[in-house]
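J.: pasting a predicted model and its sequence here:
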Amino acid sequence: MNVDRIFTQNAIRIPRSATLADAAALMRDHHVGALLVTEDAADNHRVLGIVTDRDLVIQAVAEGVAPRECTVGEVMTRALATVQRSADLREALEAMRRNGVRRLAVVDGIGEPVGMVSMDDILDALGTELASLAAVVRSELDHEIARKANRAEISG
């Protein structure tokens, strides 16, 4: 399975000058745990980094930083961990492990972010795949049991 099938398109973006309170409200309103951070100009969507709910807690709340005074740019992670949208889930998991993150920006063929994939997205997809596999195995077992019962009736 490829990242392209499970990632969230159109990741929510926030300008680096926005406050941490703004970021927290945006995360709450969109039910996400990470935002792509962009330049401040409204027409400039160049991604500078990422800010996560963990960044807000660890770098701001735990340090006693005022969320309405501190900007996203002050706590964001500048090194954006990415994965190609055509990558398989194994590659995405390896990128998460290598970068020590639970979320990756999904990029297109020219390296532009087009969305986000999280560990939860991957676990949900793998769970669905495993459930489908279990259903196939169960069905095969049921058929085998029925064949054996049928053979027993014919011979007995």
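T.: Done, it's in.
J.: point to the helix or strand of this protein where mean pLDDT is at its lowest.
T.: Every helix and strand of the chain was ranked by mean pLDDT, DSSP states H and E. The lowest is helix 119-155, at a mean of 84.
J.: check which helices and strands it sits against.
T.: helix 89-99 (3 or more C-beta pairs under 8 Å, 6 or more residues apart in numbering; DSSP states H and E). The way it works is simple: take the backbone N, C-alpha and C, and place the C-beta from them, glycine included.
J.: next SSE after the helix it packs on?
T.: Under the assignment DSSP states H and E, the closest C-terminal helix or strand after helix 89-99 is strand 103-107.
J.: list the contacts of Asp53.
T.: 24, 27, 33-34 (C-beta atoms under 8 Å, 6 or more residues apart in numbering).
J.: contacting residues around the residue nearest to Asp124 when sequence neighbours are not counted?
T.: Spatially, and ignoring its direct neighbours in sequence, Asp124 is nearest to Ile6 (7.4 Å; C-beta to C-beta, 6 or more residues apart in numbering). Counting by C-beta under 8 Å, 6+ apart, Ile6 touches 89, 117, 121-122, 124-125.
J.: could you do Gly115 as well?
T.: Residues in contact with Gly115, defined by C-beta under 8 Å, 6+ apart, are 7-11, 85, 105-106.
J.: looking at this, it is in a helix?
T.: No: counting by DSSP: H, G, I helix; E, B strand; the rest coil, Gly115 is not found in a helix; it is strand.
J.: please name the bridge partners of it.
T.: The residues listed as beta-bridge partners of Gly115 by DSSP bridges are Gln9, Val106.
J.: look up the pLDDT of the nearest residue to Asp121 once chain neighbours are set aside for me, please.
T.: Excluding its sequence neighbours, the residue lying closest to Asp121 (C-beta to C-beta, 6+ apart) is Ile6, at 4.9 Å. Note on Ile6: pLDDT of 95.
J.: quick one, phi/psi of Ile6?
T.: phi -120, psi -10 (degrees, to the nearest 10).
J.: how about the residue positioned nearest the centre of the chain, what does it touch?
T.: Of all residues in the chain, the one closest to the mean position by C-alpha atoms, centre = their mean is Ser118, 1.6 Å from it. Residues in contact with Ser118 (C-beta under 8 Å, 6+ apart) are 8, 33-34, 102-104.
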